[in-house]
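K.L.:
Okay, sequence plus prediction incoming.
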Number of protein chains: 2
Amino acid sequence: MVNKSFWFNMLLIPTFVEQFTTMNSKEFRATAHQFVDWMADYLEQIEELPVRSQVKPGEIYNQLPENPPQEPESIQTIFEDFKRIVVPGMTHWQHPKYFAYFPANSSYPSLLAEMLTATMGAQGMLWETSPAATEMEERVMNWLIDLLQLPKNWDGCIQVSASSSTLVAIISAREKYSGYTTNKKGVHQPLTVYASEHIHSSIEKAVRLAGMGSDNYRAIGVDQNFAMRPDLLETAIKDDIANGKKPACVVVAIGTTSSTAVDPLKQIAEICQRYDIWLHVDAAFAGTAMVLPEHRHQINGVELADSFVFNPHKWMFTNFDCSAYFVKDKDVMIRAFSILPEYLKTRNDDTVINYKDWGIQLGRRFRALKLWFVIRNFGVTGIQERLRTHIMLAENLEAEIRETADFELLSPRYFCLLCFRYRPTDKELTEEALNALNARIVGQLNDSGELFLTHTKLNGKYTIRLCIAQTNVNATHVKEAWALIRKVARQ
Amino acid sequence: MVNKSFWFNMLLIPTFVEQFTTMNSKEFRATAHQFVDWMADYLEQIEELPVRSQVKPGEIYNQLPENPPQEPESIQTIFEDFKRIVVPGMTHWQHPKYFAYFPANSSYPSLLAEMLTATMGAQGMLWETSPAATEMEERVMNWLIDLLQLPKNWDGCIQVSASSSTLVAIISAREKYSGYTTNKKGVHQPLTVYASEHIHSSIEKAVRLAGMGSDNYRAIGVDQNFAMRPDLLETAIKDDIANGKKPACVVVAIGTTSSTAVDPLKQIAEICQRYDIWLHVDAAFAGTAMVLPEHRHQINGVELADSFVFNPHKWMFTNFDCSAYFVKDKDVMIRAFSILPEYLKTRNDDTVINYKDWGIQLGRRFRALKLWFVIRNFGVTGIQERLRTHIMLAENLEAEIRETADFELLSPRYFCLLCFRYRPTDKELTEEALNALNARIVGQLNDSGELFLTHTKLNGKYTIRLCIAQTNVNATHVKEAWALIRKVARQ
């Protein structure tokens, strides 16, 4: 039986709730303004901070209380702890001297859009759960198709990361070349996947996750520029066919992780056409450079591919996470990924896009908004000029390294990543000693907090990787970094 | 050869760059303050907006220009377009009358943390790429273990969504029960997976993605409360074993999507022990309620499980995306998901957590921060009281519905979701006519913009689902919603 006084009592609930609500709108507004000043200050003063966090393992963990607080704590207390404990434990990805890995670069317009996205807190799994999220994603993906000159009849969507995009591509290929029987029957025939031995580890990981087995993954050898050799690819394909396997997917790298090497897309695409194989293009970092007419030729032949991924969250000034994935035939993907229980049916299912069917996760943030802010606020020319600045900086540093007797470049420069090592001229060191020496140099540089860079191995050689792609990097930063590298190396 | 004037010229680059930079720190600061006022206003005035967007398909898309702008556009122009074009196309998930699906609820402290996370733009794939991101995640996951009274020796991490968490669980089970041979050889033996026929579609989707095949997925029948029947589960397991299959994973629902039914965890856990099967607990929505001592018994036996997921982004006031995934034995997961190329090796790999090995994607946002803000700013008691308010509101509405002759409840209430339909007392309608009538009611309610709720089917009956879990929902909202439902239904 209903307690008749219920509604009356519960109408008092705004008061009731408030006692457990630690913040009202007024306090939120004031605190958010305070946070904005911190945000602007942080980004203005970021160069005063060590790039790579200088803390030791456990140092942050041990400063955080073992148990959650029973009673509410004030936002000011939390904010103070954030500044005192968290900030020193951060590696500052937006520092202009962040030269490590690939950047996750950001920008003011992107950050502003993130504020709006977080405020609305919408989840765009279906068109109906926020039409603007879906339709802006569709529009902005078409802008990117235009910017990169991808085929106009392709479709795009935003995935969490290139790892997810590649997994979507590989599962799509798995389904297509098993005649759409694998989702139902499970993997039941050997489908093989090919990529350069220099491609990102996420490709082999995707093959594993999809249940296809890394025994069916072929790491294809590269030429002296670390680009995949089409002749070796074709040989591997023929071998597999001869052994009763069905080649299902080739992944081309436009910009490998180690050295941003560019595989010969057109030649590989022709092989894929010949053997009817899904061609996926992994341009996670370097894809952004296709906005530049002088680089666009590097993906000539892309119209023969089946899918393409690049991450605006790497080099297009858009906050992580934002991976742009494009497909020639979206129906293959939807057939592989769609599942429609009653509770997700809507009245418009036949006429609208429901992005839940375009990937792994059901739930989706409204990530198109930040891309829309960035593209509009930079403009195409603004994006192009920023990219050209990065590439020009790299080009000039490359020339400096080439002129410096005790340093050597270990790979060609394709975009804005430099691969090199220190090799003293006054003594003959073994390769092993050189590797150890360069590892020490990288460690010491990063320990200084002055810059952050990482390493890879090329032909067994420990290689210093320096990627000039942080949004705000300029000549001073590169010059200072190069001076420090020489100094530390020569000590 | 190096152009010697290079460095000198490039030192002028701040000026050079500025002409292509559409925003400097000063403009950012001013604009971000302006955005904060919009954010606070939006959340203050959200009840004046229609809950579900009222736009027609294509309406937003067609207002967005076909091509990206060549030249930079001012942030004010973009912001005006945002307010004019985007906001009307949003379904407002933070509206207190959002009763649809499950909420993606948020809160002021969460939103404040999102501002900081976006500002720092760190990517936490490795400990070294931001120790604070990794160590706070470890700490906050331990807080959640404490809050939900999960086994103290378990480990947790944040995944994108429950779909990802479940995929991680199922692939872990696949690897474990194939003796860790599937990643290498591909799926090569029938491994079966079991879940209630009422469980979320992401379970079957995960089985497909993992290459195990939905032929090896068993939807187990439920009792009159829509909870899985352990006897039917055991029969299915025995049948599969008799047919040479290896049962690999059972997924228990603590809160199904249709009706938040609770499967009998303890009984099912004992079956899993007996047959050596991975037990994964999907508590995506309802897991948060385990913070309440009066609900905690619903996961008695969880110590016998292998993994557990719940989404703080659903009912714990933390912005999407934030899915908390816990495992008994993290080594199984790491063995299944780890891949370590040279360029991702760091000096501390043996002593620190690198969360890249704990899931599908390599890249990771710093999502622990918002959870830390929420738990501290609410306090455990604050979270508990808010949950109790939601449950009390649902309890009282349930009593009202039960007392109302022309409405009927279609499932028991477990938490704060009500499943019911309108059934007029003045005429005898077929089930088909009742289904059509209730579908019309839901459509009309949502078209009104006054509230947003969704539907499911229970025993073939079209069921209205009303979930009372938006952060700021109070008795007035529920009372008004119930009045409108009655009015619309009776028209």
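P.N.:
Alright, I've got the coordinates.

K.L.:
can you give me the helices for the stretch 251-400 of chain A?
P.N.:
Ranges of helices within the stretch 251-400 of chain A are A:265-275, A:293-296, A:312-315, A:330-337, A:368-403, based on DSSP state H, counting those that start in this stretch.

K.L.:
For chain B, find the nearest of those helices.
P.N.:
Ranking the helices of the stretch 251-400 of chain A by proximity to chain B (Cβ to the nearest Cβ) places helix A:368-403 first, at 3.9 Å. In this view, the C-beta of every residue, glycine as well, is placed from N, C-alpha and C.

K.L.:
So for the closest one, what gets flagged as buried?
P.N.:
Residues A:368-380, A:382-398, A:400-401 are the ones in helix A:368-403 that count as buried (16 or more other Cβ atoms under 10 Å in any protein chain shown).

K.L.:
Quick one: mean pLDDT over the helix or strand following it.
P.N.:
Proceeding N to C from helix A:368-403, the next assigned helix or strand is strand A:407-409, under DSSP states H and E. Strand A:407-409 shows a mean pLDDT of 98.

K.L.:
next one: stretch A:141-160
P.N.:
97.

K.L.:
cool, stretch A:213-225 as well?
P.N.:
97.

K.L.:
what's residue A:172 in contact with, if anything?
P.N.:
Residue A:172 is in contact with A:278, A:306-307, A:327, A:332-333, A:336-337, counting by Cβ atoms under 8 Å, 6 or more residues apart in numbering or on different chains.

K.L.:
If we check chain B, which of the buried residues of helix A:368-403 are in contact?
P.N.:
Subset of these in contact with chain B: A:369, A:372-373, A:375-380, A:382, A:385-386, A:389, A:392-393, A:396, A:400, counting by Cβ under 8 Å from any Cβ of the partner chain.

K.L.:
As CSV, the contacts of residue A:172 with distance to chain B and pLDDT would be great.
P.N.:
Conversion of those to CSV gives the following (distance: Cβ to the nearest Cβ, whole Å; pLDDT from 0 to 100):
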residue, distance to chain B, pLDDT
A:278, 16, 98
A:306, 18, 98
A:307, 16, 98
A:327, 17, 98
A:332, 14, 96
A:333, 12, 95
A:336, 8, 95
A:337, 8, 94
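
K.L.:
Ranking by neighbours, what's the top pick from those residues?
P.N.:
In terms of neighbours by other Cβ atoms under 10 Å in any protein chain shown, these top out with residue A:307 at 27 neighbours.

K.L.:
OK, contacts around that one?
P.N.:
Contacts for residue A:307 (Cβ under 8 Å, 6+ apart) come out as A:165, A:168-169, A:172, A:278-281, A:325-328.

K.L.:
let's see 10 Å
P.N.:
Going by Cβ atoms under 10 Å, 6 or more residues apart in numbering or on different chains, residue A:307 touches A:154, A:156, A:165-166, A:168-170, A:172-173, A:249, A:251, A:278-282, A:325-329, A:332-333.

K.L.:
And residue A:159, by the same measure?
P.N.:
Applying Cβ under 10 Å, 6+ apart to residue A:159 gives the contacts A:165-169, A:309, A:311, A:321-325, A:355, A:358-361, A:364, A:367, B:361.

K.L.:
Tell me the spacing between residue A:31 and chain B.
P.N.:
According to Cβ to the nearest Cβ, to the nearest Å, residue A:31 stands 6 Å off from chain B.

K.L.:
Isn't that residue up against residue A:82?
P.N.:
No: contact criterion Cβ atoms under 10 Å: residue A:31 and residue A:82 do not qualify, at 12.0 Å.

K.L.:
For the stretch 101-250 of chain A, which residue gets nearest to chain B?
P.N.:
Using Cβ to the nearest Cβ, the single residue of the stretch 101-250 of chain A nearest to chain B is residue A:211, 2.1 Å away.

K.L.:
Can you classify that residue by secondary structure?
P.N.:
coil (DSSP: H, G, I helix; E, B strand; the rest coil).

K.L.:
I'd guessed it sits against residue B:189; true?
P.N.:
No: look at residue A:211 against residue B:189 with Cβ under 10 Å: they stay out of range, at 11.2 Å.

K.L.:
Who has more neighbours out of these two?
P.N.:
Neighbours per residue (other Cβ under 10 Å) separate residue A:211 from residue B:189, with residue A:211 holding more: 27 against 18.

K.L.:
Quick check: closest non-adjacent residue to the more buried one.
P.N.:
Nearest residue to residue A:211, sequence neighbours excluded (Cβ to Cβ, 6 or more residues apart in numbering or on different chains): residue B:211, at 2.1 Å.

K.L.:
how near is that neighbour to residue A:139?
P.N.:
Using Cβ to Cβ, to the nearest Å, residue B:211 is found at 35 Å from residue A:139.

K.L.:
what's the answer for residue A:446, then?
P.N.:
Taken as Cβ to Cβ, the span from residue A:446 to residue A:139 is 41 Å.

K.L.:
Compare these two (neighbour count), which wins?
P.N.:
Each of residue A:446 and residue A:139 has its neighbours counted (other Cβ under 10 Å); residue A:446 has more, 23 against 19.

K.L.:
So that one lies in a helix, does it not?
P.N.:
Yes: judged by three-state DSSP, residue A:446 forms part of a helix.

K.L.:
Assess the claim that it and residue A:91 are in contact.
P.N.:
Yes: if you go by Cβ under 10 Å, residue A:446 and residue A:91 touch, sitting 9.4 Å apart.

K.L.:
where do the contact lists of these two overlap?
P.N.:
Residues touching both residue A:446 and residue A:91 by Cβ under 10 Å, 6+ apart: A:50-54, A:100, A:452, B:128.

K.L.:
Could you dump those into JSON lines and include pLDDT?
P.N.:
As requested, the shared contacts of residue A:446 and residue A:91 are exported to JSON lines (pLDDT from 0 to 100):
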{"residue": "A:50", "pLDDT": "98"}
{"residue": "A:51", "pLDDT": "98"}
{"residue": "A:52", "pLDDT": "97"}
{"residue": "A:53", "pLDDT": "96"}
{"residue": "A:54", "pLDDT": "95"}
{"residue": "A:100", "pLDDT": "97"}
{"residue": "A:452", "pLDDT": "98"}
{"residue": "B:128", "pLDDT": "94"}
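
K.L.:
Which members of the residues you listed define the maximum pairwise distance?
P.N.:
A:54 and A:100 (14.8 Å; Cβ to Cβ).

K.L.:
Please say which of these two ends up with more neighbours.
P.N.:
residue A:100 (24 against 16).

K.L.:
helix/strand/coil for that one?
P.N.:
Per three-state DSSP, the local secondary structure of residue A:100 is coil.

K.L.:
tell me the contacts of residue A:188?
P.N.:
Contact analysis of residue A:188 by Cβ under 10 Å, 6+ apart lists A:178, A:181-182, B:186-188, B:190, B:211, B:213, B:215.

K.L.:
Give me the buried entries from these.
P.N.:
For these, buried by 16+ other Cβ under 10 Å: A:178, A:182, B:186-188, B:190, B:211, B:213.

K.L.:
Among those, give me the pair with the biggest separation.
P.N.:
Largest separation among the buried ones among the contacts of residue A:188 by Cβ to Cβ: A:178 and B:190, giving 16.2 Å.

K.L.:
Which residue ranges make up the domains of chain A?
P.N.:
Chain A breaks down into these domains under automatic domain parsing: A:26-52+A:91-121+A:378-491, A:124-366.
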